[in-house]
Each structure stands twice: as C-alpha cells, then as structure tokens.
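In: Just need the structure, nothing else, for what follows:
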Amino acid sequence: MSNAERNKNAIKRFVECINNNDKALAEELIASDAEFTTPVSEKPLYGGAGYLSVVDLMRKSFSDIRWEIVDMAAENDKVAVYWTCSGTHDGKFMNFEPTGKKFSFSVMNFYYFNAEGKIINDVAAEGLFGLFRELNLMEVQV
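Out: Take a look at the predicted model:
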C-alpha cells in the first residue's frame, strides 16, 4: 500500500475520531508534537488533545455537529479533504445566543503526515474566518 493510500485510510478513521470525540483514536492518528493553528485560537494547539479541543469548542455550540467527507485526494505525505459540516446551533457561539437553526456548510482541509503515518499538520481554508479575524470581528479562544 502506498503512503497516499495509507494516509487516506487514516483520514477515514479520523472522521470517526472527530465525530465521536474519540481521544484514544486522536492520540493514535495524530502525532503528539503536531502543531495546529486555527482561527479560534491565537496560540498553536498540539497533538490529539489540542486538535480535539477545537472539536469540544464546536460541540458546546453545536451539540450534534457532524463532519462527512465529500471528496478526498492524496499524494505522498498529504491528503486534501473536502468536507461537509452540519449540525444545529443549540449553544452560544461567538457571543451569539442559540438560534436552534440547522446548518450545513463546506470546508477544505489539507492534512500532512509524518513517515509513521500520523497527522502532523492540518491547514484549513479559512474563507470568511480569515476576514473576520483580520477585522477583529471574531474573538473565540480555546
């Protein structure tokens, strides 16, 4: 099996990890020294626990949040994933009170892997989050 195929298989397991907030699986799939930058934290987050802290943040605002792979492409040590994220706004989010509204949106991420097949970085396409952050319209901290 090629590294690209191995890494795609890891991403398929990663979906289970984030949808179930599975800390043991996060530690298995994500390198402990992996550094993640995210629009919701000024400081980098590290390892599986750091990554899942963002998932925890999302679950506080959207208790039924789910991610589904729409498409995926892999080459060597990286996998590009086109996701659909859906849920219900049933908790406070960025100082916005719960609306009870359901949502679904798309997002694109690039995952990078080390030689052992563990995720070492996740680069998300920020879109409007980047604009909101630059204009100081978004203040969410993990």
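
In: Give the pairing partners of the helix or strand hosting Val81; include direction for each.
Out: Element membership of Val81, judged by DSSP states H and E, is strand 78-88. Using DSSP bridges, strand 78-88 pairs in its sheet with strand 66-75 (antiparallel), strand 102-113 (antiparallel).

In: residues in contact with that strand?
Out: Contacting residues not belonging to strand 78-88 are listed as 4, 7-8, 10-11, 62-74, 100-113 [Cβ atoms under 8 Å, 6 or more residues apart in numbering]. C-betas here are computed from N, CA, C, even on glycine.

In: In PyMOL, how would I select just the buried ones from the residues you listed?
Out: Buried residues among those (16 or more other Cβ atoms under 10 Å), as a PyMOL selection:
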select buried, resi 4+7+8+10+11+62+65+67+74+107+111+112+113
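
In: for Asp33, helix, strand, or coil?
Out: coil (DSSP: H, G, I helix; E, B strand; the rest coil).

In: Was I right to think it contacts Leu45?
Out: No. If you go by Cβ atoms under 8 Å, Asp33 and Leu45 don't touch, sitting 11.8 Å apart.

In: out of these two, which sits in the more crowded spot?
Out: Leu45 (19 against 10; other Cβ atoms under 10 Å).

In: Ser86 and Val54, how far apart?
Out: Distance of Ser86 to Val54, computed by Cβ to Cβ, to the nearest Å: 17 Å.

In: Thanks a lot, see you next time.
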